[in-house]
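In: how would this look folded up:
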Amino acid sequence: MESSSAATTTTAAAMEVDATANPLRQPSVQFAHKPNFGPLKPHEISGGQIQFRKVSVPPHRYTPLKKAWLEIYTPIYEEMKIDIRMNLKARRVELKTRPDTPEVGNLQKCADFAHAFMLGFDVIDTVAMLRMDELYVESEHLSRAIGRLSGKGGRTKFAIENSTRTRIVIDDTKIHILGSFANIKAARDSLCSLILGSPATKVYSKLRAVSARLAESYEF
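Out: Model (predicted):
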């Protein structure tokens, strides 16, 4: 009996040693490496295709365009990295992206800049559209009260522009306003008041309040 129990103890001890010496191996889990996608270049987003924009030149802006061509060409080509040319036969400005164009939105900014100039805005005002995202042009179609909107010697128009920090072009029966959303709204409200018959003095008093409110918003 003693020899039997001793043999059993020896066998159990041997099994423990084998279990310790040969533990169950857990299968190793290999995780996939985290992908590292670099930013796409603008010309790669469109599948490597060149993007174009075309801006028509109205007859009355052809001569001003020739005079201001270098002022328009320089920031578009050198700063925005967009190719630009004047198609004399079709009388339009043609824009296209380049492999070194830094941002996709540069092409549309340049098209908006050229379009604003064709509407009658000065280059010194429209060039801000290349550097500020919140600027755009809003156009209104009007068939009356154009004289009241300008005022004597353009005084009313200048007052609205300076108070609302916008630029206004009155072209026959159309009015184009260049500025940010809030500023365009303030200028449009003043123009609508004049069209509806409000006296200029009343509009001026409202403009002073608008100017103070906009100044406070810019301080913040």
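
In: measure stretch 166-186 end to end?
Out: Across its full length, stretch 166-186 reaches 9 Å between end residues, using C-alpha to C-alpha, to the nearest Å.

In: how far does that stretch sit from its chain's centre?
Out: With C-alpha atoms, centre = their mean, to the nearest Å as the basis, stretch 166-186 stands 19 Å off its chain's centre.

In: also stretch 56-63?
Out: Here stretch 56-63 is found 26 Å from its chain centre; the criterion is C-alpha atoms, centre = their mean.

In: what mean pLDDT does it have?
Out: Per-region confidence: stretch 56-63 scores 93 on mean pLDDT.

In: likewise for stretch 110-121?
Out: The predicted model assigns stretch 110-121 a mean pLDDT of 95.

In: could you check the pLDDT of the residue positioned nearest the centre of the chain?
Out: With distances taken as C-alpha atoms, centre = their mean, D133 lies nearest the centre of the chain, 4.0 Å away. The per-residue pLDDT reported for D133 equals 86.

In: could I get the full set of strands for the protein?
Out: Remark: strands assigned in the chain by DSSP state E are 52-56, 82-87, 92-97, 136-141, 167-171, 174-179.

In: highest mean neighbour count out of those?
Out: strand 174-179 (a mean of 21; mean count of other C-beta atoms under 10 Å). Glycine gets a C-beta too; all of them are placed from N, C-alpha and C.

In: in its sheet, what does it sit against?
Out: Strand pairing for strand 174-179, using DSSP bridges, gives strand 136-141 (antiparallel), strand 167-171 (antiparallel).

In: give me the helix or strand of this structure that scores worst on average pLDDT.
Out: Least confident helix or strand, the chain: helix 2-21 with a mean of 51, by mean pLDDT, DSSP states H and E.

In: ok, T74 to L119 distance?
Out: Distance of T74 to L119, given as C-beta to C-beta, to the nearest Å: 21 Å.

In: just V203 next, same as before
Out: From V203 over to L119 the distance is 24 Å, taken as C-beta to C-beta.

In: present the strands of the chain as TSV; the columns should include distance to A114.
Out: Conversion of the strands of the chain to TSV gives the following (distance: least, C-beta to C-beta, whole Å):
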stretch	distance to A114
strand 52-56	4
strand 82-87	8
strand 92-97	5
strand 136-141	11
strand 167-171	15
strand 174-179	13
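
In: mean pLDDT lowest where, among those?
Out: Among the strands of the chain, strand 136-141 scores lowest, with a mean of 84.

In: phi, psi for M80 please.
Out: Per-residue torsions, M80: phi -90, psi -10 (degrees, to the nearest 10).

In: now do the same contact list for the closest residue to V210 other than its chain neighbours.
Out: Spatial nearest neighbour of V210, chain neighbours left out: A186 (4.9 Å); criterion: C-beta to C-beta, 6 or more residues apart in numbering. Contacts for A186 (C-beta atoms under 8 Å, 6 or more residues apart in numbering) come out as S163, T164, T166, V210, L214.

In: now do D83
Out: Applying C-beta under 8 Å, 6+ apart, we find D83 in contact with Y77, L95, K96, T97, R98.

In: do the same with W69
Out: W69 touches M86, counting by C-beta under 8 Å, 6+ apart.

In: at 10 Å what do you get?
Out: W69 makes contact with I84, M86, V93, V123 under the criterion C-beta atoms under 10 Å, 6 or more residues apart in numbering.
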